[in-house]
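[1] Sequence plus predicted model, see below.
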Amino acid sequence: MVTTDADVAYETQTVRTIRGMESRAVKKWETDGWELVGQNQGRVKTELTFRRPKPKSRRLLWIIGGSALALLLASVITIGTISERNAETAASAEATSAPSIEASPAPTQPSASPTMASAAPTESAAPAVAEPGSAVLTPKTNPELESIVALTDYCSPDIAAFAAAHRGETIAFPGYVGAMAPHGSAKTRYDFLIGAGDFSETSDAGPAFQFRDVNAINDLKWMGTTPDSIGVGTNLSITAKIVEYEQSSCLLLLDPVATAAR
């Protein structure tokens, strides 16, 4: 079967560059997978138009660390059964016994083998959301964030620019779990693809946020009532620090500060 342009949905991008620098700009954009389809020269600047096939839905194909991974769309994690990477052996040995010493006191730091009781938010997690004067960007208070969470192209250069300008800052927004998978060969650590807004089967606007290599209890820093399970389609309130934007995968990596079910 021959695929024609009529069968492919394209996205376009217009770039302006100083005359004489066109070849450099074309090379850069073609390296990123764009095709030059138009060129309009002005007196000082040249307008270049590029196109490329629209990315498949992030729920159909998830690029993790530069390699394609099929989404686990039916995956659900039961929060109460998750432990840290090295806790599985101890957990199975103590399944019918009383709680271990690590789990019984109210810890100031998350224990290595959390139960549902120990998954409750710790004092160290609370100030991230409630501390007065903390600079937390939200779609309502920051026009840039409001703009990028409404984008339909999660590879938009605007997302890369936002991440570079606000790296290390904290953002908060309503989101959802769009996909998840074990991190590498780990059994209790995961990569979560986070979308903006409410979960939908038909649309997925905003950046492709990602929590990478996290345990679903301690690392997500649950606030309020911890849900019994988390899976694709779970709606959340997200507070997280911007780590970086990966140009190769179009993933905007976040470090969880506080997570709440909604």
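    Good, I have the coordinates.

[2] which parts of the helix or strand that contains residue 210 are buried?
    According to DSSP states H and E, residue 210 maps onto strand 208-214. Using 16 or more other Cβ atoms under 10 Å as the test for burial, strand 208-214 gives 208, 209, 210, 211, 212, 214. Heads up, the C-betas are built off the backbone N, CA and C, glycines and all.

[3] Now the fourth one. Nearest residue, chain neighbours left out?
    The one in question is residue 211. residue 192 (4.3 Å; Cβ to Cβ, 6 or more residues apart in numbering).

[4] ok, the one you found - contacts?
    177, 179, 180, 210, 211, 214 (Cβ atoms under 8 Å, 6 or more residues apart in numbering).

[5] Can you tell me the element the first one falls in?
    Following DSSP H and E, one finds residue 177 within strand 170-182.

[6] For that strand, buried residues please.
    Using 16+ other Cβ under 10 Å as the test for burial, strand 170-182 gives 170, 171, 172, 173, 174, 175, 176, 177, 178, 179, 180, 181.

[7] Reformat those as JSON lines; add pLDDT and distance to residue 154.
    What follows is the buried residues of strand 170-182, written out as JSON lines (pLDDT from 0 to 100; distance: Cβ to Cβ, whole Å):
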{"residue": "170", "pLDDT": "97", "distance to residue 154": "21"}
{"residue": "171", "pLDDT": "98", "distance to residue 154": "16"}
{"residue": "172", "pLDDT": "97", "distance to residue 154": "19"}
{"residue": "173", "pLDDT": "97", "distance to residue 154": "14"}
{"residue": "174", "pLDDT": "97", "distance to residue 154": "17"}
{"residue": "175", "pLDDT": "96", "distance to residue 154": "13"}
{"residue": "176", "pLDDT": "94", "distance to residue 154": "14"}
{"residue": "177", "pLDDT": "92", "distance to residue 154": "16"}
{"residue": "178", "pLDDT": "89", "distance to residue 154": "10"}
{"residue": "179", "pLDDT": "88", "distance to residue 154": "13"}
{"residue": "180", "pLDDT": "88", "distance to residue 154": "17"}
{"residue": "181", "pLDDT": "88", "distance to residue 154": "18"}
